[in-house]
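Engineer: 3D model of this:
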Amino acid sequence: MIYLEIFLAFLIPGILGYGGGPSSIPLVEREVVGTYEWMTTAEFAEVLALGNALPGPILTKMGAYIGYEAGGVLGSIVAISASVLPSLLLMIFLAAILYKLKGTNKFKTLTLLIRPVIAILLGVIVVDFLFNSFDVSGTFHTVFLIIVSFLLLQVVKLHPAVVIVIGLIYGGLFIR
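Structural biologist: Residues are numbered from 1 along each chain as shown. I've put the predicted structure just below:
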């Protein structure tokens, strides 16, 4: 019975938590603290703080910890599965629709309309990162890394992952 409760406690936030972690957190708290009483509000706050300190989606991290506390390793697996199941099913459903539309005029039109939007969103991110880099790292380091990265990618033809590692090493050594 505990595994069904864990499943429902994380399935409901997975379905209703539109917008990711910030919208899911109150839903998880209601289930974990209010409905099933697996922990107190103070304990939940500590789990939330721990989850925020780690990289990745908050719902799966909280699910892993709370599921483990309530039902051991299997409880952890059930909680993580329940938290990602709604998104997974929706992605499969949408992929099936897109696969059926592939090759049609509607799909081609959709693709043509989406490309500029994606390009603009990526451009906004690049500009934000660029200005943030000038503020945090300084003009010299930012311009130097842009020029060196461009040369390594276009002239030397290094793999982008290698260029990223070189940039990380440079940042670790010279940017404080």
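
Engineer: centre of the chain versus the lengthiest helix in the chain, how much separation?
Structural biologist: Scanning the chain for the longest helix, with DSSP state H as the assignment, gives helix 58-101. Centre-to-centre, helix 58-101 and its host chain are 13 Å apart (C-alpha atoms, centre = their mean, to the nearest Å).

Engineer: same check, this time on stretch 11-19
Structural biologist: 15 Å.

Engineer: show me what counts as buried in that stretch.
Structural biologist: 11-15, 17 (16 or more other C-beta atoms under 10 Å). Every residue, glycine included, has its C-beta placed from N, CA and C.

Engineer: could I get the average pLDDT for it?
Structural biologist: For stretch 11-19, mean pLDDT rounds to 83.

Engineer: same thing with stretch 104-115?
Structural biologist: pLDDT averaged over stretch 104-115 gives 87.

Engineer: list the contacts of that stretch.
Structural biologist: For stretch 104-115, contacts defined as C-beta atoms under 8 Å, 6 or more residues apart in numbering pick out 98, 101.

Engineer: pLDDT-wise, which helix or strand of the protein ranks last?
Structural biologist: helix 21-29 (a mean of 86; mean pLDDT, DSSP states H and E).

Engineer: show me where pLDDT drops low in the protein?
Structural biologist: For the chain, residues meeting the criterion pLDDT under 70 lie at 19.

Engineer: what domains does the record give for it?
Structural biologist: Here the domain assignment for the chain is 2-101, 105-174, based on automatic domain parsing.

Engineer: endpoints of the shortest one, how far apart?
Structural biologist: I take that to be domain 105-174. Terminal residues of domain 105-174 lie 52 Å apart, using C-alpha to C-alpha, to the nearest Å.

Engineer: and it, how far out from the chain's middle?
Structural biologist: Mean-position distance between domain 105-174 and its chain equals 19 Å (C-alpha atoms, centre = their mean).

Engineer: out of the buried residues of stretch 11-19, which sit inside strands?
Structural biologist: Nothing among these maps onto strands, per DSSP state E.

Engineer: need the winner for burial among the domains of the chain.
Structural biologist: domain 2-101 (a mean of 17; mean count of other C-beta atoms under 10 Å).

Engineer: mind checking how far the nearest residue to Ser23 once chain neighbours are set aside is from Leu59?
Structural biologist: If the residues on either side of it in the chain are set aside, Ser23 comes closest to Gly17, at 4.7 Å by C-beta to C-beta, 6 or more residues apart in numbering. According to C-beta to C-beta, to the nearest Å, Gly17 and Leu59 sit 7 Å apart.

Engineer: so Pro116 versus Gly123, what's the distance?
Structural biologist: 10 Å.

Engineer: next SSE after the one helix or strand Leu152 maps to?
Structural biologist: Per DSSP states H and E, Leu152 falls inside helix 139-154. Downstream of helix 139-154, the first helix or strand assigned by DSSP H and E is helix 160-174.
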